Structures are given as C-alpha cells and as structure tokens.
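Asker: Any chance you could fold what I've pasted below:
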Amino acid sequence: MILNVQNLNIEVFQNKYRHSICKNLNFSINSGETVGILGESGSGKSITALSILQLLPPSIHITNGSINFTRKDGITIDLAKTSIKQLQSIRGKEISMIFQEPMTSLNPSFTCGSQVLEVLLQHQNSTKKEAKEQVFELFNKVKLPDPKRIYSSYPFQLSGGQIQRVMIAIAISGNPRLLIADEPTTALDVTVQKSILELLKELQAEMGMSILFITHDINVNAEIAKRILIFYQGEIVEQGEVKDILKNAQHPYTKRLLAFRTLPKDVDKKSRLREDSGGLRIRNLSVSFSRSIGLFSSSSKKQVLHNINLELYQGETLGLVGESGSGKTTLGRTIMKLIETESGKIEFHGKILNALSANELKPFRKKVQIVFQDPYSSLNPKITVGAMIAEPLIVHNICKNSNERKQRVINLLKQVNLSEEHYYRYPHQFSGGQRQRIGIARALAVEPEIIILDESVSSLDVTIQAQILNLLKDLKQKYNLSYIFISHDLNTVRYMSDRIIVLKDGVIVEEGLPNELFDSPKNPYTANLISSIPGKYDEFPKNLK
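Answerer: From the prediction side, this is the model:
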C-alpha cells in the first residue's frame, strides 16, 4: 500500500461561513494499482485529488484525517500535515498530477519543450544539454510524433491529444510512485481517448507506478481501473472491484449513474427522409483556411472541407461524428455563415445563401440557430440572463413591448426547466448544465426551424448530460425542430440521431441509420471509431430507474 486516506474531511471557509465539501473519506491505493474515482460535478473528486498534494485553494482546508503516503525510500509520511518545504520533494518526484484542462495547464508563452525542460532542471542535477536529451526521450516514450518539432512548438500549435501527451511527459519525468490523472480524456474524441488510456497502461506497466484516475464516465473507468470509488455529495457511497459494481451496484446513486450511461439503442428508429425536405441542402461544399508560412512569406491555403453533400429533413436529427480536426465544427459554422465557403452552395428553402448579402441573411439567421460547445465562454458575463435571451428578440424585431418581451423570456426559461428568478442573474451564478440550458433558451427565442448543437453536452457530467438530452428531445417534438447534432461521444450520437454522417479529414466517408452504422459499418474508419468506444456495455444492468 502506497497511499492510505483515513477519515479525511475537507471544508470551505468563507468569512464566518463553513461548509463541508468532503466527509469522512477512507480509501487506499496499492503499489502498481489503478483506482478510479467516479462521480458527477461537485461530488468532491478533484478536491480530493488536490488535497493529496496540498494544492487546495486558499479558502479550502483539510480539517480532519490523514493522507499517509509511502515514499520510494520506504518512509511513510502524512501529507495532510507535511510542510510546504517537504512537499517540494514530493511533488513531481514521488507524486505527479495530470490536470483536467491541458490547454490551461501549459503556459501559452513558452514552447512545450522548454516547459518540460524546466521541470527536469528543477528536480534533477542535470546540465541543460542532458535535460534536453531527456525531453526528447520522454516525448518518444509518450509516443509524440516528431519530438524535435513538438519541442519547439507552442501549445496552441498542437492538437488536444498531443497536448495531453506533453502533460503526461511532464508528469512522468520524475518517475513518480503515484500518478493522479484528473479527467485526462474528457475533451478528447474516442480514438484519441483510447490511445491515451493505452499509453497510461503501458507506462504503468513499464514504470510500476500506481494511478488514481478521476472521471465522470463509468465506461472510461471500466477500461483502465481495477477498483472504483463512487463519490456523491462529498462522500464515498460505494467502492469495490469495477466488474462487481458494474454487475451488482448496491447504492441507488451508483445504479442511477449506470442507468444514465446505458442509453437505449432505439432499435425501432427509422429514417425521416421525405421527398420534399423543406429544409437545408448542401451541394459540393468546400472550405479552406489561409495560414501564414512565415512573417514575411505569403500565406498558403489548407482545405478543411472537401465536396460536402448533405440534406437535413424537417423534424430530423442529423448526427455528425469524427475525430478532432475532421471538420465537424467547421461544417456547422459554415452552415451558419460564420465561415465563408470556398466553393459549392448552401440552399435553405430554395434560396442559395452564398449569394445573399448580410441584410438578406437576417431571415435565415432567425430560422437557423446554434448552441456552442462551451457553456462558460458562449455567454456574456457582463449582462443578465434575461437581457441575454431578450437580445435576439430585439435584433429580429420580435416583441417590441418590453413587458411582453420580458414575459416571453421568462416563458423560455421555464421551457428549459429554469425559473423566473433566474432572469436577473449573471452567467457566473449558474452551473455548467444550467448555462447550457440558457444557451438553448437563447437559441429558441426566435422560433428557429433548425438548431446546430456543437458538442453541447461534452463538458457535462453524465447525469446533467441525460437531463439536457431529454430536454432537447422534448423541445424537438414540441416545436418540430430539426437538429444537427455534432459530438465525439458516439453513444450520445446514436441515442439522439435519426441519421448519422461520419467525417474524416473533411470528407464524408459514411452515412446511414444509427443501428445500421454501428452494427455493420462499411468504412474502416467508422469501424475504428466504434471499436474505440470505452466500456463493456453488454455487462451493464438494463432499465434501471
């Protein structure tokens, strides 16, 4: 046993207010073992991980309990009572952490190589030349392509999967006994997620380290962990072997989590194709982005969408899937005319949008709305929710009377299961799920025919995801909406979609009904995507309430 947490209590202190975040936590991790922590947002997962290395925010404190860790030299220390000076020899060398957001964990002003180099020089008595060679070795170990290019690249020049591998390289640079991985695959598509999980398992076998793996996805935990801890409202409500909990969960909350991840396959789902689509038609659409080769060099073009042909039928949900960089989001934004086309045409109700001026596009923008991926950055933090939802009503001259407009906004809030009191609040006063509901209410304000949902549930935990997905289905039926549903979560796409299009490198490689596509994929790329889905679904309990 290398880590033993006993009776751990963590509280937040704000003025005279004290609130318990984690209560009486007891768990252990053995040498070479992977233990998973599973729970929804706010359950205490990340706070528990941060407490191990005493990285808690200033207002949050450990008020009771012990965190006993056995170092490489065999000496056991209580990390809850260890001084900051002693912790300097623990952090990075004995215990490392991969943080949840790789883009915000790396400094955008420095190259990736220099940031790994800094860590090595901090913890080792090496020359700069020796440390640089070690960086290349680490990049090779985490299977980064072209280590020399990655060394001199800035974080924004790399993909999400590559950045996560740089973070893993930093984490293993000190050869730690324990690696804490906090949601390391949440924002990644299924193939990159699979490769990261396989990499962590390979490194664990090679280095003999233990892993504490935090996620809100039971399927990912089933792929990597042997034992699992179920967190709910700051408490461990259930723990044990993953296979035992999957087959025979005891706590009601665990059963509910499993039920949310067992999305029905909807075997009776049929195509909604009609002779007259009455909606959106795209023909031979191509999009290129300009990029500068150097400061004084001419720019070049990179084609990101190639001859896209598709139709969206009234009342249909069209799923768009593919890896990061496949062109899903670009296609959604091009349809919205937020990105200009290079060639081809977009037709809506018989009108070719490419030829329309900004003023002529106004009726189209009323009929086609978008809900963006990030509910945190897609809302204006300076204005109230009521003003935010009322804004499109003003732009499109709907409800000119202010009282009527306010009542309409309140009704919209109620439609997405929010209340009248939320009208006066600001975005920072809401949870991620509530913010996504606000985004949906704003999209509904102008009574659209089509809503483009760009990764609209990817950043939410499973219970909130289920609520938003059910809300979207109810709204679709009530208002006869059509959806373009963009996601890297293939199970969610299967559950939501009437038809699915698979994109690879800006090209449509396959199209079909969900069950046909999943059960008998025709393209090797589609088959690879499906085979990368984590978890053994057939072992999950069915129809849990």
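Asker: For the closest residue to S20 other than its chain neighbours, which three-state class applies?
Answerer: Once flanking residues are discounted, S20 sits nearest to E11: 5.2 Å by C-beta to C-beta, 6 or more residues apart in numbering. In short, each C-beta sits where N, CA and C put it, glycine included. At E11 the chain is in strand, as set by DSSP: H, G, I helix; E, B strand; the rest coil.
Asker: So what's the residue count around E11?
Answerer: Applying other C-beta atoms under 10 Å, we find 17 residues neighbouring E11.
Asker: wait, doesn't it sit right on T63?
Answerer: Yes. At 5.0 Å, E11 counts as touching T63 under the criterion of C-beta atoms under 8 Å.
Asker: which residues pair with the residue nearest to S20 across the strands?
Answerer: S20, H61 (DSSP bridges).
Asker: Contacts only, for it.
Answerer: Contact analysis of E11 by C-beta atoms under 8 Å, 6 or more residues apart in numbering lists R18, H19, S20, I21, I60, H61, T63.
Asker: Please list the outside residues in contact with stretch 368-375.
Answerer: Here stretch 368-375 has contacts from 280, 329, 332-333, 335-336, 348, 378, 432-433, 435-436, 438-440, 442-444, 446, 448-456, 458-459, using C-beta under 8 Å, 6+ apart.
Asker: Which of those are buried? Put it as a PyMOL command.
Answerer: Per 16 or more other C-beta atoms under 10 Å, the buried members of the contacts of stretch 368-375 correspond to this PyMOL selection:
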select buried, resi 280+329+332+333+335+336+348+378+432+433+435+436+438+439+440+442+443+444+446+448+449+450+451+452+453+454+455+456+458+459
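Asker: how many neighbours does N359 have?
Answerer: Neighbours of N359 (other C-beta under 10 Å): 7.
Asker: Kindly apply the preceding question to Q467 instead.
Answerer: 17.
Asker: In contact with it: list those residues for me.
Answerer: The contact partners of Q467, by C-beta under 8 Å, 6+ apart, come to N417, G433.
Asker: Just the mean pLDDT for stretch 201-211, thanks.
Answerer: Regarding stretch 201-211, the rounded mean pLDDT is 92.
Asker: What separation do you get for Y423 and P58?
Answerer: According to C-beta to C-beta, to the nearest Å, Y423 and P58 sit 33 Å apart.
Asker: These two: which is more packed in?
Answerer: The neighbour comparison of Y423 against P58 (other C-beta under 10 Å) goes to Y423, with 18 against 6.
Asker: Return the distance of the nearest residue to the more buried one once chain neighbours are set aside relative to S377.
Answerer: Spatially, and ignoring its direct neighbours in sequence, Y423 is nearest to G386 (3.8 Å; C-beta to C-beta, 6+ apart). Noted for G386: a distance of 20 Å to S377, by C-beta to C-beta.
Asker: These two: which has the busier surroundings?
Answerer: Comparing G386 with S377 by other C-beta under 10 Å, the one with more neighbours is G386, at 19 against 11.
Asker: Now that one: which helix or strand?
Answerer: Using DSSP states H and E, G386 falls within helix 385-395.
Asker: what does the helix or strand following that helix contact?
Answerer: Scanning forward in sequence from helix 385-395 by DSSP H and E, the next helix or strand is helix 402-415. With contacts defined as C-beta under 8 Å, 6+ apart, helix 402-415 is touched by 385-386, 389-390, 393-394, 398-399, 419-420, 422-423, 441, 444-445, 475.
Asker: So which bits of stretch 217-236 are buried?
Answerer: Of the residues in stretch 217-236, those buried (16+ other C-beta under 10 Å) are 217-225, 227-232, 234-236.
Asker: So which of these are in helices?
Answerer: In this view, these that belong to helices under DSSP state H are I218, N219, V220, N221, A222, E223, I224.
Asker: was I right about the residue nearest to Y423 contacting P427?
Answerer: No. G386 lies out of contact with P427 (C-beta under 8 Å); the separation is 11.7 Å.
Asker: quick revisit: got a pLDDT number for the residue nearest to Y423?
Answerer: 93.
Asker: ok, it - contacts?
Answerer: Per C-beta under 8 Å, 6+ apart, neighbours of G386: K406, V409, I410, Y423, Y424.
Asker: export those residues to a markdown table and tack on distance to N528 and pLDDT?
Answerer: Output for those, formatted as a markdown table (distance: C-beta to C-beta, whole Å; pLDDT from 0 to 100):
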| residue | distance to N528 | pLDDT |
| --- | --- | --- |
| K406 | 51 | 92 |
| V409 | 45 | 93 |
| I410 | 47 | 93 |
| Y423 | 47 | 92 |
| Y424 | 49 | 92 |
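Asker: which among those end up buried?
Answerer: For those, buried by 16+ other C-beta under 10 Å: K406, V409, I410, Y423.
Asker: so for the strand or helix carrying N7, what's the average pLDDT?
Answerer: Assigned by DSSP H and E, N7 belongs to strand 3-14. Taken as a whole, strand 3-14 has an average pLDDT of 92.
Asker: tell me the domain boundaries of the chain?
Answerer: Following automatic domain parsing, one gets these domains for the chain: 3-261, 316-340+354-539.
Asker: Name the residues of stretch 65-81 that are buried.
Answerer: For stretch 65-81, by 16+ other C-beta under 10 Å, it's G65, I67, N68, F69, T70, I77, L79, A80.
Asker: And the pLDDT at the residue lying farthest from the centre of the chain?
Answerer: Distance from the centre of the chain peaks at N401, with 40.0 Å (C-alpha atoms, centre = their mean). pLDDT recorded at N401 is 85.
Asker: So in this protein, where's the weakest helix or strand by average pLDDT?
Answerer: In the chain, the helix or strand scored least confidently by mean pLDDT, DSSP states H and E is helix 102-105, which has a mean of 71.
Asker: and the next element down the chain from that one?
Answerer: Next along from helix 102-105, by DSSP H and E: helix 112-123.
Asker: List of residues touching that next one?
Answerer: 92-93, 106-107, 126, 128, 131-132, 134-135, 138-139, 150-155, 158, 163, 166, 169-170, 173-174.
Asker: Check these for burial and list the buried ones.
Answerer: 92-93, 106, 131-132, 134-135, 138-139, 150-151, 153, 155, 158, 163, 166, 169-170, 173-174.
Asker: just checking, which of these belong to helices?
Answerer: A131, K132, Q134, V135, L138, F139, I150, Y151, I163, V166, A169, I170.
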